[in-house]
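*Asks:* What follows is a predicted protein model with its sequence.
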Amino acid sequence: MRALDVPDKTERVVRYQQATVDQAMQVIASMGLHSFDELRPHMLRRRVDHGTIRSYAEMFEHLAPGQLLRDRRHRGSGTGYEPTRTASSPDPPARPPARTTVPPLTGAS
């Protein structure tokens, strides 16, 4: 097994990251856009089955900035957007301790 050469790994990660950004910028330019800020969900497409392609706008609900904080319909809906804290309660709600059952010892002498 080889030891990790941190300076070499750092250089490779930087090159990989830069190449990823360069490729993403080429995709953005090929779409006729000048920056990622111009990218909209309807511009991205995904094949959902053999004969169907849908835009991300069709597949996902677009949320406005701060919408999860203002819109109560997401809370408690099982979507994963439930808040863990409230302004009046800075600590997460306490959970009751889990009950555990310890089996009796058998065969002890």
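*Replies:* Perfect, I can see it now.
*Asks:* drop to CA atoms for contacts and neighbour counts, all remaining ones
*Replies:* Noted.
*Asks:* Domain map for the protein?
*Replies:* 1-30, 37-62 (automatic domain parsing).
*Asks:* Kindly reformat those as a markdown table containing mean pLDDT and mean neighbour count.
*Replies:* Shown next, in a markdown table, are the domains of the chain (pLDDT from 0 to 100; neighbours: other Cα atoms under 10 Å):
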| stretch | mean pLDDT | mean neighbour count |
| --- | --- | --- |
| domain 1-30 | 89 | 11 |
| domain 37-62 | 92 | 11 |
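*Asks:* Turn these into TSV, including distance to L69.
*Replies:* Converted to TSV, the domains of the chain look like this (distance: least, Cα to Cα, whole Å):
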stretch	distance to L69
domain 1-30	31
domain 37-62	15
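*Asks:* Let me see the ranges of the helices in this protein.
*Replies:* 6-30, 56-59, 67-70 (DSSP state H).
*Asks:* These into a markdown table, with extra columns for distance to H42?
*Replies:* As requested, the helices of the chain are exported to a markdown table (distance: least, Cα to Cα, whole Å):
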| stretch | distance to H42 |
| --- | --- |
| helix 6-30 | 14 |
| helix 56-59 | 5 |
| helix 67-70 | 20 |
